[in-house]
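Chemist: got a predicted structure plus its sequence, pasted below:
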Amino acid sequence: MGANSDMSLYPAGKRWFIAAAVLTVAFCVFCECSVCQTVAGGKASSTSATPTQDLPSAKRLNGWLAAYNSGDRTELQNFYSKYFPRREAMLDEELQRRRNMTGGFDFKKLAACEATHCSAILKMRDLEQYVQLEVAVSPSEPHTIEQLEIQPIPRPAEFPSPRLSESEAIAELRKKLQSQASADEFSGAVLVARHGRPIFREAYGFADRDRKIANTPETRFRLGSMNKIFTAVAVLQLVQAGKIGLDDAVGKFIRDYPNQEVATKVKIKHLLTHTGGTGDIFGPEYDAHRNELRTLADYVKLYGNRGLDFEPGTNRAYSNYGFLLLGRIIEEVSGKSYDDYVQEHIFAPAGMTRTGAEPEDTAVPDRAIAYTKPGPNASWTPNTDSLPYRGTSAGGGYSTVDDLMHFANALTSNQLLNAKSLDLLINGEPMTPGGRSLPFGSGGRNWDGVKYFGHNGGFPGMNTDMEISPQSGYTIIVLSNFDPPAAQRISEFIGSRLPERAASEGVGN
């Protein structure tokens with residue numbers, strides 16, 4: 001979000017996990033900003049008799065899109081100062097986070113346009129994601145912007161995915177990666193597998209920029225929130241064994257949990273689906289204690305007195321803390337540390353020999369340095385000042401593209417979970433007041449009818465995505481030691497171009 005689902009998270013400051021699709025992260029919290037149609041000279045239909053390009057709403061859309069796509073701070077500031085003054089305070093955040101994430105927008109279709117309101121369909125330039133814009137302006141001069149909302153939408157049928165043959169898609173992927181690496185916009189490793197066997201496996205950029213140590217497919221990359229899928233698998237293994245019930249409450253396992261409301265109301269299934277109201281961890285409190293948080297029990301000690309953000313099961317909000325609680329429950333039930341449990345029951349059975357969560361002060365061979373850009377025009381710098389002490393059940397471990405392929409293969413062949421538990425991981429069960437099913441610890445993608453599941457992750461200096469499609473037979477794994485959306489743009493690029501169904505094993509294109 002990987003993520004993959006429709007969740008989003010922007011913790012305080014510069015820290016942000018992508019546990020859901022980058023597109024949703026970018027816009028579900030972007031309700032006052034806009035994208036717009038380049039209307040000038042166009043002949044799009046309108047519900048008004050006035051030519052579209054003369055409508056006040058269309059003019060504001062034109063102006064904003066030009067300023068936003070320019071990436072120029074002064075140009076965007078001038079526009080906001082004149083026409084969207086309440087947004088001016090968000091200027092730097094908009095350029096650093098949202099503009100960098102989307103790459104700007106291309107107009108695709110005008111849905112409707114009147115004097116004070118326009119609706120348009122656009123596509124992110126850097127991601128295979130469409131959005132719908134709704135913009136309203138004041139009826140009188142200077143027609144300032146009153147409301148601007150954007151929501152991610154499925155790809156419209158009239159703009160089909162650029163599906164290619166397998167060989168063509170791989171060739172285009174290689175060109176894309178070479179271009180991104182040459183522009184210093186991608187550093188990492190990529191693996192595409194057909195029926196569990198690699199058909200593309202390459203690395204780009206540097207694991208250590210100062211020492212010019214190149215990334216390789218064997219490079220270990222930090223995973224961000226992708227660790228959560230390991231945690232979900234571990235919990236479901238214990239459910240299979242009858243040691244945990246999905247309707248069991250937190251307090252059944254963490255008997256001394258400080259907050260009784262959390263202990264008695266939050267169930268295992270709430271934690272797996274981010275519906276428990278347990279909140280996040282990032283912010284001033286985390287910053288003040290980052291180097292002291294060395295065990296999962298340390299996190300519970302720091303955050304365990306907090307109450308609920310909402311009644312469990314009534315809402316959904318991405319919760320890193322919820323997955324820390326799951327890790328602590330795994331420890332209580334198994335009698336092992338979280339790291340020992342996943343090593344013994346997930347990594348070893350799957351053949352994952354280069355995956356772990358050693359502390360940051362431990363020298364780990366081939367572990368890439370994570371690089372972040374603290375501002376729009378900044379250079380890539382190590383992110384060591386923001387990393388947790390070590391990876392946890394919520395994220396932060398490391399792995400390789402090969403190990404993650406082994407994990408995907410073991411998972412889909414029922415070596416780690418039985419068929420019933422795997423279905424819960426991928427599809428879940430009804431969890432919302434409206435009866436919507438939510439996956440139990442994974443995320444889902446649907447690229448024009450081709451379904452993938454997996455998880456992604458993001459943090460300053462890391463972006464990862466693992467997409468597994470039993471339907472098509474393809475697995476896509478992208479690991480990067482750059483900020484999001486470095487990996488996301490690659491996985492979406494290839495995921496939307498691969499054939500809807502892979503050739504039979506051993507058959508080429």
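Modeler: Thanks, I have the structure now.
Chemist: how's this structure carved up into domains?
Modeler: Following automatic domain parsing, the chain resolves into domains at 31-153, 224-495.
Chemist: can you count the residues close to V364?
Modeler: By the measure other Cβ atoms under 10 Å, the count of residues near V364 is 14. Every residue, glycine included, has its C-beta placed from N, CA and C.
Chemist: need the three-state assignment for it.
Modeler: Of the three states, V364 takes coil under DSSP: H, G, I helix; E, B strand; the rest coil.
Chemist: separation between P460 and A486?
Modeler: 12 Å (Cβ to Cβ, to the nearest Å).
Chemist: same question for G196.
Modeler: Distance of G196 to A486, given as Cβ to Cβ: 26 Å.
Chemist: between those two, which one's more packed in?
Modeler: Using other Cβ under 10 Å, the more surrounded residue of G196 and A486 is A486, with 26 against 15.
Chemist: pretty sure the more buried one sits against G461.
Modeler: No - counting by Cβ atoms under 8 Å, no contact exists between A486 and G461, whose distance comes to 9.9 Å.
Chemist: separation between I369 and R201?
Modeler: Distance from I369 to R201, by Cβ to Cβ: 22 Å.
Chemist: neighbour-wise, which of those two wins?
Modeler: I369 (20 against 16).
Chemist: am I right that Q180 is in contact with F493?
Modeler: No - using Cβ under 8 Å, Q180 is not in contact with F493; the gap is 9.3 Å.
Chemist: give me the three-state assignment for Y257.
Modeler: Y257 ends up coil, using three-state DSSP.
Chemist: which residues does it contact?
Modeler: V250, G251, A263, V300, G304 (Cβ atoms under 8 Å, 6 or more residues apart in numbering).
Chemist: what about the fourth one, neighbour count?
Modeler: Under the neighbour criterion other Cβ under 10 Å, V300 is assigned a count of 20.
Chemist: now the phi/psi pair for it, please.
Modeler: Backbone torsions of V300, given as degrees, to the nearest 10, read phi -60, psi -40.
Chemist: and the residue lying closest to it once chain neighbours are set aside, how far from T231?
Modeler: Nearest non-adjacent residue to V300, counting by Cβ to Cβ, 6 or more residues apart in numbering: R328, 5.8 Å away. Distance from R328 to T231, counting by Cβ to Cβ: 11 Å.
Chemist: who's more crowded, these two?
Modeler: Between R328 and T231, counting by other Cβ under 10 Å, T231 is the more crowded of the two (28 against 23).
Chemist: hmm, the more buried one is touching G327, no?
Modeler: Yes - if you go by Cβ under 8 Å, T231 and G327 touch, sitting 5.8 Å apart.
Chemist: give me the common contacts of the two.
Modeler: Common neighbours of T231 and G327, using Cβ under 8 Å, 6+ apart, are Y338, S393, A394.
Chemist: mind putting those residues into JSON lines with distance to G441?
Modeler: Shown next, in JSON lines, are the shared contacts of T231 and G327 (distance: Cβ to Cβ, whole Å):
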{"residue": "Y338", "distance to G441": "15"}
{"residue": "S393", "distance to G441": "11"}
{"residue": "A394", "distance to G441": "11"}
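Chemist: can I get those in TSV with distance to A378, pLDDT and secondary structure?
Modeler: Converted to TSV, the shared contacts of T231 and G327 look like this (distance: Cβ to Cβ, whole Å; pLDDT from 0 to 100; DSSP: H, G, I helix; E, B strand; the rest coil):
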residue	distance to A378	pLDDT	secondary structure
Y338	35	98	helix
S393	32	98	coil
A394	27	97	coil
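Chemist: what residues of stretch 274-284 count as buried?
Modeler: Residues H274, T275, G276, G277, T278, G279, D280, I281, F282 are the ones in stretch 274-284 that count as buried (16 or more other Cβ atoms under 10 Å).
Chemist: the third one: which element?
Modeler: Under DSSP states H and E, no helix or strand contains G276.
Chemist: who does the helix or strand V233 falls within touch, helix- and strand-wise?
Modeler: Using DSSP H and E, V233 sits in helix 227-240. Packed against helix 227-240 by the contact rule (3 or more Cβ pairs under 8 Å, 6 or more residues apart in numbering; DSSP states H and E) you find helix 268-273, helix 320-334, helix 338-342, helix 419-427, strand 450-459.
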